[in-house]
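J.: below are the sequence and a predicted model for it; my questions follow.
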Number of protein chains: 4
Amino acid sequence: MPRARIHVIPTSAPDDVSGLQQLIATGALDPTCLRAILGKTEGNGCVNDFTRAFAVSALKMCLGPAAENVTMVMSGGTEGGLSPHLVTFEVLEEEGTGPALALGATITRDLLPHEIGTFAQITCVAEAVRSAIQTAGIATTSDVHFVQIKCPLLTSARIATSPKATQTRDTLKSMGLSRGASALGIALALGEVDAATAERALAEEDKSVWSRRASTSAGVELMGHEVLVLGMSPAWSGPLLVDHAVMMDAIDTASVRAAMARMDVGRSSVLRALFAKAEASSGGLIRGARHTMLNDSDISSTRHARAMVGGALGGLVGRADLYVSGGAEHQGPDGGGPVALIAERTGFYGDTE
Amino acid sequence: MPRARIHVIPTSAPDDVSGLQQLIATGALDPTCLRAILGKTEGNGCVNDFTRAFAVSALKMCLGPAAENVTMVMSGGTEGGLSPHLVTFEVLEEEGTGPALALGATITRDLLPHEIGTFAQITCVAEAVRSAIQTAGIATTSDVHFVQIKCPLLTSARIATSPKATQTRDTLKSMGLSRGASALGIALALGEVDAATAERALAEEDKSVWSRRASTSAGVELMGHEVLVLGMSPAWSGPLLVDHAVMMDAIDTASVRAAMARMDVGRSSVLRALFAKAEASSGGLIRGARHTMLNDSDISSTRHARAMVGGALGGLVGRADLYVSGGAEHQGPDGGGPVALIAERTGFYGDTE
Amino acid sequence: MPRARIHVIPTSAPDDVSGLQQLIATGALDPTCLRAILGKTEGNGCVNDFTRAFAVSALKMCLGPAAENVTMVMSGGTEGGLSPHLVTFEVLEEEGTGPALALGATITRDLLPHEIGTFAQITCVAEAVRSAIQTAGIATTSDVHFVQIKCPLLTSARIATSPKATQTRDTLKSMGLSRGASALGIALALGEVDAATAERALAEEDKSVWSRRASTSAGVELMGHEVLVLGMSPAWSGPLLVDHAVMMDAIDTASVRAAMARMDVGRSSVLRALFAKAEASSGGLIRGARHTMLNDSDISSTRHARAMVGGALGGLVGRADLYVSGGAEHQGPDGGGPVALIAERTGFYGDTE
Amino acid sequence: MPRARIHVIPTSAPDDVSGLQQLIATGALDPTCLRAILGKTEGNGCVNDFTRAFAVSALKMCLGPAAENVTMVMSGGTEGGLSPHLVTFEVLEEEGTGPALALGATITRDLLPHEIGTFAQITCVAEAVRSAIQTAGIATTSDVHFVQIKCPLLTSARIATSPKATQTRDTLKSMGLSRGASALGIALALGEVDAATAERALAEEDKSVWSRRASTSAGVELMGHEVLVLGMSPAWSGPLLVDHAVMMDAIDTASVRAAMARMDVGRSSVLRALFAKAEASSGGLIRGARHTMLNDSDISSTRHARAMVGGALGGLVGRADLYVSGGAEHQGPDGGGPVALIAERTGFYGDTE
């Protein structure tokens, strides 16, 4: 019976793999069981953030051939007091009883440049998400709590050599389009929207259409998609639980508190990891009060948003090593975002871990 | 019997006084009763933040001669989702019963440049704080919950023309020294430290010595100090209450939640305004997790800290128009800071306001 | 006979008018003769740069009623070593012989919000430029060397209340559209392009169509245009000369050196003031070498461009109080920009001034 | 007879080694002959600039064991229009006649943490520079034109574990101390200052004592020093020449123009590479005009200085792939810096290369 195991590993620099190495050396982490690594790195999280690639380069060197099966998604930007760290996901085999945290990963075919930001991307992603859900042995889409996708973007070279016209010639804008199409693909696979609505929302940039469980980020290093699905499954064992919340704005901690209550965090379980999306509300307001994120030409709005949401969540859960990621097109409502929580039942193995 | 009245006024730009003008026009605010205006403006809150002076310039033009009696402290920096706003403090005369929010303001003599950052500044401030407490009619120092001070700094010209050597030749550093000495002066007046300890802590930059109720900021436009004291007094009337908390780190919301509980916020009272200090912990950690604020050469640590604490407090109280100010030398513990809260008892005048 | 007089006045802060006041006090500057003030202020030159408005506010307070006839254009951003300063333009009456620097100023009607960035703006500006040329007594358009325009932009409120659809709903983008349309209006008035080409270039954002003498900047405080034309005229007297160059890229100092040679700078004349436009080349290259201005999410490309061009021109002319302004849509070639130079003939009045 | 060869290789990202690989693949560059690589990377050039380490990591992976003998100094920051690139230095064996560019490299012993920023570092560096000069076969110190040193810095861990007190507990400040001591070590070795003066200048931070040929940068990855000396030697052959200039301020292009004239650049030689140091003048002035670099809390002064000097030099030499490095303690006068130029004699091998 599969069992998911995670480690939250602090890093002292983007290329710091000493924590990972130590876990491997002590046997606490088995690289051959690794399926995914999500991480926060301390760059600006924007176009010229090289800390993500530096981290991936160091992780690949550290893991060697074992890296090939590992989905790696680095999110740049530890504004406010967010703490750089890695979260590793392993799949072990172990006798036990479910339900427990289940995970599935897959990749898609490469998109053609002109497909980025189109309905073709939505359907491509939706298919992969359905496949990953099946792989994970998650019975129904309502048991899915988090879908992380790494998606492609357009570069000047890709635009120049594309035989068909691309959706945009602006490389930065292509990141948003790709993240948005991927999020809508997730929403489609989870039954949150129908195909026609997803297609229209993408075309019209309709912010009122969104997924409750999508988290997507664009990277230059791939033309396909890497997909990681987290959910609950009776076919999986172990002490880990996953649930999710949707923050309706940057300071909506009540939604997350409710999820923690459902998981009985602080009583029969402890919070192990948290993944959230953050963005500045496009209307320029938070509960009626003007914010200045979108008019600030010194600091990108995504940096402001991560800091604010990192503070709100840090104030709630009492820790700063949180995965708060910017750029939340069709991921939660305008100015808000989905949050996934992983908790561990205490005393699961008859003793305190 | 004096009664304090406050208004929280959103602004659309540093020089936006339209909200203030409207309150004056409708009679809701009487400029002749104004004693202080505290505000957040949307600059960087650092050396080249001209939004503070621009705001003060606009307020003075708006108020005319009435401005002379008004202590104005603008705090730059609305990082994260903090919302630019003004908080006005008036003193009215009204029959009623105490205790209620009391306020007292005073100014000190001008310092000589070489006194900035020395024990002379500590004693000068302490004396003024004691005087303001007396003016406010606050019976004991334990009823004081917030002391806001605007203090001087060194400029190149002041350093050059000083007959005696100044404590530093670094103008930025002089801001920290002046804020720190002012905070220790408050601590001395409130009986939080003795004179010898205050003097030693200033000299040694001993971060373990701090005030629970001080909030100080340095400005180029004065050589003395403007002092505003808030506390509870039986000699004052009205629906307003004040209390304070000390955040032990940037995500310590529990301390503020406790203060809100003491004030019965959400039941018999509503929160009207909040004033907090924020800073990056010098050890580089928040609850054991590394933050990157002090190594970021793109964004000043004070900006990160305001965003983080603004998020933590916003997530707790559910609003973003909070006065969160950076630079907390000897104001709360290393990495934390004092928080003052003003609440209003509902139904005070027999009806819902 | 009219004579133009200029002063280059250093400032110590955006609201520093002490230099101007001193010139007025000593009689060296007559506020009733003032026609225009151009200035560099030390903000970021982008959306949230309040130093421009702060400077204008201080200048208006200083000048009083005399300010009404004065075109004021503040350009934010003194990156690199650029030095904050003001350049005042007065028109005196004096016997003498031409030709010499001539200047003319005018204003246009207010645009309707939906006209910003359209052909209607082009023609509106072109008409005003022609009028200002005539006012200045400049005989032919080839004697015009610099046209500075302050043009309107769209705000959220203007977009919301416009009965007709505006060209864009993006306020930042409206600045570029307005600057570009104004520049094309100048080009049309100067005979640099025909109306059909100007209209097409605006619609298609064709960067190959540009003026050699336009300098435009957008401001929130007006809906019309303020126009300042500088040229040579036989009807004007005095020691001042004006000429212009077009930098073909950010380091094209040869073009400016040639203009200085034409004015005999360093021999029979001295350079008094310089006005330049700067921008990052859209292709990402300077003479074949990749620049990183357009991928930098920490520093706006306009800030990089001003610093680079300020260095190139400072290295050429040996001074740092230069008016280098960003955002050069249709003002000079892609990545380059127009430069205007004012020199003063030495010994004009029989002695050294 | 040794011959120095250089390549200037543009890069498309910090970890882009494709240009280097191509030169190796075509035989134009022999990795076994490589002695040094200097490069500009597109980070912020300050504390949290990870592009330098990322570049070094990629270069080491690319070069494999050959990397061991190669001094690598990456300088972060391509502000303005500076172009990211690498300059490789090889030493070949070839018959010919001198004099020509000679180079020598060496390393020093590791410093103890408490030695950083002390006279011990000065003497350690001076000895190594003398040794490198000898290795290079440069006859007299007056034939040395450029000494590049990579020096250590203090980290929190090094400070904490040092048995003796370190010069500072501020890691950023230790970078400046180490750069300054290294520069004074170079000055001592080159006979520019005597030992007593060097020691005093370091202790007193006396900016009037400086080297005309030093370029130093601090890096976390070493505790010793890597030293690269460039000069002219009759014992070396080949078409390359080296000379130097000292910019007296950020816009002093005349000094560099004079050096180019001495090398006959543009006639019998072409400029191949340029290395310069840049910094903001501590007095806040450039030729009497106020700059705002030191008061800018959004952009570090080193970034402004690189952009300004990059513009000045780019405007002079007509290219943007220049090595302009910030932080010039005791390297050239206050606000200025040394510049080294490498030119290639045309037709040296009887044909145009």
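T.: Yep, that arrived.

J.: Provide a list of residues in contact with whichever residue of the stretch 101-250 of chain A sits closest to chain C.
T.: Of all residues in the stretch 101-250 of chain A, residue A:156 sits closest to chain C, at 7.6 Å by Cβ to the nearest Cβ. For every residue, glycine as well, the C-beta is placed using N, CA and C. Neighbour list for residue A:156: A:171, C:284 [criterion: Cβ atoms under 8 Å, 6 or more residues apart in numbering or on different chains].

J.: go with 10 Å
T.: Residues near residue A:156 by Cβ atoms under 10 Å, 6 or more residues apart in numbering or on different chains: A:169, A:171, C:283, C:284.

J.: can you give me the pLDDT of the closest residue to chain D within the stretch 151-300 of chain A?
T.: Of the residues in the stretch 151-300 of chain A, the one nearest chain D is residue A:298, at a distance of 4.8 Å by Cβ to the nearest Cβ. For residue A:298, the model assigns a pLDDT of 94.

J.: what about it, neighbour count?
T.: Taking other Cβ atoms under 10 Å in any protein chain shown as the criterion, the count of residues near residue A:298 is 23.

J.: who's in contact with residue A:306?
T.: Residue A:306 makes contacts with A:40, A:45, A:75-80, A:82, A:250, A:276-279, A:300, A:322, A:324-327, B:80, B:307, B:311, as judged by Cβ under 10 Å, 6+ apart.

J.: tell me which of those residues fall in strands.
T.: Members of those lying in strands (criterion: DSSP state E): A:40, A:75, A:76, A:276, A:277, A:278, A:324, A:325, A:326.

J.: can you report how many residues neighbour residue A:12?
T.: 11.

J.: what residues does the nearest residue to it once chain neighbours are set aside make contact with?
T.: In space, and not counting its chain neighbours, residue A:12 is closest to residue B:290: 6.8 Å by Cβ to Cβ, 6 or more residues apart in numbering or on different chains. Residues in contact with residue B:290 (Cβ under 10 Å, 6+ apart) are A:10-13, A:42, A:78, A:81-85, A:320-321, B:283-284.

J.: neighbour-wise, which of the residues you listed leads?
T.: Among these, residue A:81 has the most neighbours (other Cβ under 10 Å), with 33 neighbours.

J.: pull the contacting residues for it.
T.: So residue A:81 contacts A:307, A:310-311, A:314, A:320-322, B:249-251, B:280-281, B:285-287, B:289-293, B:304-305, B:307-309, B:311-312, B:335 (Cβ under 10 Å, 6+ apart).

J.: for the closest residue to residue A:257 other than its chain neighbours, give its distance to residue B:244.
T.: Excluding the flanking residues, the one nearest residue A:257 by Cβ to Cβ, 6+ apart is residue A:316, at 6.3 Å. Taking Cβ to Cβ, to the nearest Å as the measure, residue A:316 and residue B:244 are separated by 22 Å.

J.: next one: phi and psi at residue A:110?
T.: phi -70, psi 140 (degrees, to the nearest 10).

J.: give me the contact status of stretch A:198-218 with chain D.
T.: No. Residues of stretch A:198-218 contacting chain D under Cβ under 10 Å from any Cβ of the partner chain: none, with a closest distance of 16.4 Å.

J.: average pLDDT for the one helix or strand residue A:73 maps to?
T.: For residue A:73, the host element (DSSP states H and E) is strand A:71-76. In this model, strand A:71-76 has a mean pLDDT of 94.

J.: immediately after it, which helix or strand?
T.: Downstream of strand A:71-76 (by DSSP H and E), the next one is strand A:85-93.

J.: ok so, going back, just give me the closest of the ones in strands among the contacts of residue A:306 to residue B:348.
T.: residue A:278 (38.7 Å; Cβ to Cβ).

J.: you'd agree that closest one is up against residue A:304?
T.: Yes. Between residue A:278 and residue A:304 a contact is recorded at 9.0 Å, counting by Cβ atoms under 10 Å.

J.: buried residues in stretch A:278-286?
T.: Under the neighbour-count criterion of 16 or more other Cβ atoms under 10 Å in any protein chain shown, stretch A:278-286 has A:278, A:279, A:280, A:281, A:286 buried.

J.: find the nearest non-adjacent residue to the closest residue to chain C within the stretch 201-350 of chain A, please.
T.: Closest residue of the stretch 201-350 of chain A to chain C, Cβ to the nearest Cβ: residue A:297 (3.1 Å). Residue nearest to residue A:297 in three dimensions, not counting chain neighbours: residue C:46, with 3.1 Å by Cβ to Cβ, 6+ apart.

J.: tell me who's in contact with that neighbour.
T.: By Cβ under 10 Å, 6+ apart, the residues touching residue C:46 are A:295-298, C:76-77, C:172, C:175, C:300, C:302-303, C:326-327.
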